[in-house]
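[1] Okay, predicted coordinates and the sequence, questions at the end:
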Amino acid sequence: MNKHLSLLLLLILAFISGCSSDKTKTPDDLVEDTPESLTKVSLQLNWFPEAEHGGYYAALIHGLFEEEGLDVEIIAGGPNSPVIQKLVSGQADFIIGNADQVLTSRAKDSNAVALFAPLQTSPRCIMVHESSGIETLADLKDMTLGMSTGRAFALFMQKRLTLENITLVGYPGSPAVFLNDKNYGQQAYVFSEPFVARQAGSDPKVLMVSDLGYNPYSSLLIATQETIDSDKDLVERMLRASKKGWLQYLKDSTKTNAHIHSLNEEMGLDILAFGAKTLENLCLPDGMPAEQLGSMTVKRWQELGDQLVEIELIDETIDIGGAFLK
């Protein structure tokens, strides 16, 4: 009986001792184990969650942001989402946008700076019917064309193409009109609307706007110059995690696509899988090494700047070199 009592007393003492040692830990000792240790960051999208945002979502759900000490909230966008305004007003720490948005916003005195360019080739295209016989953008004629005429790519097309007997109407936001009118074409993203149209039994043919020479970097990660100057470490961590996320998405998009689908049910798993596959050549074109993913060149930015000057969206005084992180 005494042996049992002695054993019981020893166990009680050990328990008390263990509890006491835990209580001696300071908040600094425990901070690494708590979510509060992560830096909260907001990332505003330019559209509803889709494959074009895949790498950023991959960084989120695979814990790559967290590995860099970041607690990132990805905020969905929508039609005409004012991402630049949200950035410069401080409503978002980082945003997703395209290179022409960066330059046109800087022409209006924004301080937006592109940090990372996962899509080297713009997914922007014009979708026509295969039965139309149209083979190139230069062949566009005698039809109705749905597109946002005030957007930079549309202004460039109107500047460079004759568009003989083309009736321009607003972008409808879906392929619904296209499906019911053989004499109708529309703007699209190559990994989205053409897939939907084909699944619905139509005959979409894709004409890439980049073939016309207008090829702004797309799905850019963008911040303000103030953020870059005041918190270089945050920017570097966001960059590292984003690049890892895009490499992960291009390698295996399955888990990420399931998450995107849960956020945007209109994006079925089949269209997201198609999008991820299509993105491979847009992100790493012409055998571009994976380690160069997201890189940008002065030449590409200068070419875009010249095009925007040509269509009178900016003037020559805009500092092209300050528009992106070197």
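    Perfect, I can see it now. Numbering: from 1, shown residues only.
[2] only C-alpha atoms for contact and neighbour calcs from this point on.
    Noted.
[3] what's Ser218 sitting at in phi/psi?
    phi -130, psi 160 (degrees, to the nearest 10).
[4] how about it, what does it touch?
    For Ser218, the contact set (Cα atoms under 8 Å, 6 or more residues apart in numbering) comprises Gly97, Asn98, Ala99, Ala117, Pro118, Leu119, Gln120, Thr121, Ser122, Pro123.
[5] Which pLDDT value belongs to the residue nearest to it when sequence neighbours are not counted?
    Nearest non-adjacent residue to Ser218, counting by Cα to Cα, 6 or more residues apart in numbering: Asn98, 4.5 Å away. You'll see Asn98 listed with a pLDDT of 97.
[6] Domain map for the protein?
    Annotated domains of the chain cover 38-121+216-323, 124-212 [automatic domain parsing].
[7] After the strand or helix carrying Leu282, which helix or strand is next?
    Using DSSP states H and E, Leu282 maps to helix 269-283. Where DSSP H and E defines the elements, the next helix or strand beyond helix 269-283 is helix 298-310.
[8] low pLDDT regions in this protein?
    Scanning the chain for pLDDT under 70 picks out the ranges 1-35.
[9] Show the contacting residues for the residue sitting nearest the centre point of it.
    Nearest to the mean C-alpha position of the chain, counting by Cα atoms, centre = their mean, stands Ser219 at 3.4 Å. By Cα under 8 Å, 6+ apart, Ser219 lies in contact with Glu52, His53, Ile96, Gly97, Asn98, Ala117, Pro118, Leu119.
[10] swap in Val41?
    For Val41, the contact set (Cα under 8 Å, 6+ apart) comprises Leu70, Asp71, Val72, Glu73, Asp93, Phe94.
[11] repeat for Ile318
    Counted by Cα under 8 Å, 6+ apart, Ile318 has contacts Leu103, Arg106, Ala107.
[12] For the first one, give its distance to Val209.
    From Leu103 over to Val209 the distance is 19 Å, taken as Cα to Cα, to the nearest Å.
[13] Same check on the second one?
    Shown here: Arg106 relative to Val209, a distance of 24 Å by Cα to Cα.
[14] Then Lys159?
    As judged by Cα to Cα, Lys159 and Val209 stand 13 Å apart.
[15] cool, and Arg160?
    Arg160 is 11 Å from Val209, by Cα to Cα.
[16] between these two, which one's more packed in?
    Neighbour count, other Cα atoms under 10 Å: between Arg160 and Val209, Val209 has more, with 22 against 13.
[17] got a list of what the more buried one touches?
    Here Val209 is in contact with Ser122, Arg124, Cys125, Ile126, Leu137, Phe153, Asn215 (criterion: Cα under 8 Å, 6+ apart).
[18] The fourth one contacts Tyr184, correct?
    Just to be clear, that refers to Ile126. No - if you go by Cα atoms under 8 Å, Ile126 and Tyr184 don't touch, sitting 10.6 Å apart.
[19] More neighbours: the two, which one.
    Between Ile126 and Tyr184, counted using other Cα under 10 Å, the more crowded position is Ile126 (23 against 20).
[20] does that one have beta-bridge partners, and which?
    Counting by DSSP bridges, Ile126 is bridged to Gln187, Leu207.
[21] That one and Phe116, how far apart?
    From Ile126 over to Phe116 the distance is 26 Å, taken as Cα to Cα.
[22] Check Gln44 too.
    Taking Cα to Cα, one finds Gln44 at 15 Å from Phe116.
[23] Tell me how many other residues surround the residue lying closest to Leu304 once chain neighbours are set aside.
    Distance criterion Cα to Cα, 6+ apart; nearest residue to Leu304, sequence neighbours excluded, is Pro216 at 6.5 Å. Using other Cα under 10 Å, Pro216 is surrounded by 26 other residues.
[24] Repeat that for Gln120.
    For Gln120, the count of nearby residues is 24 (other Cα under 10 Å).
[25] can you tell me which residues contact Asp100?
    Ala152, Pro216, Leu304, Leu308.
[26] Just send those back as TSV, with distance to Asn111 too.
    Output for those, formatted as TSV (distance: Cα to Cα, whole Å):
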residue	distance to Asn111
Ala152	19
Pro216	18
Leu304	18
Leu308	18
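[27] now, which of those residues sits nearest Asp270?
    Pro216 (27.3 Å; Cα to Cα).
[28] how close does the closest one sit to Leu60?
    26 Å.
[29] Ser81 now?
    22 Å.
[30] what about the two, which has more around it?
    Leu60 (22 against 16).
[31] can I assume the more buried one is in contact with Val72?
    Yes - counting by Cα under 8 Å, Leu60 does reach Val72; the two are 7.1 Å apart.
[32] Could you find the closest non-adjacent residue to Gly275?
    Nearest to Gly275 is Phe191, by Cα to Cα, 6+ apart, at 4.6 Å.
[33] Now do the contacts for that neighbour.
    Neighbours of Phe191 in contact, by Cα under 8 Å, 6+ apart: Ala51, Pro123, Ile271, Phe274, Gly275, Thr278, Leu279.
[34] now do Leu45
    Neighbours of Leu45 in contact, by Cα under 8 Å, 6+ apart: His53, Ile74, Ile75, Ala76, Gly77, Val83, Ile95, Ile96, Gly97.
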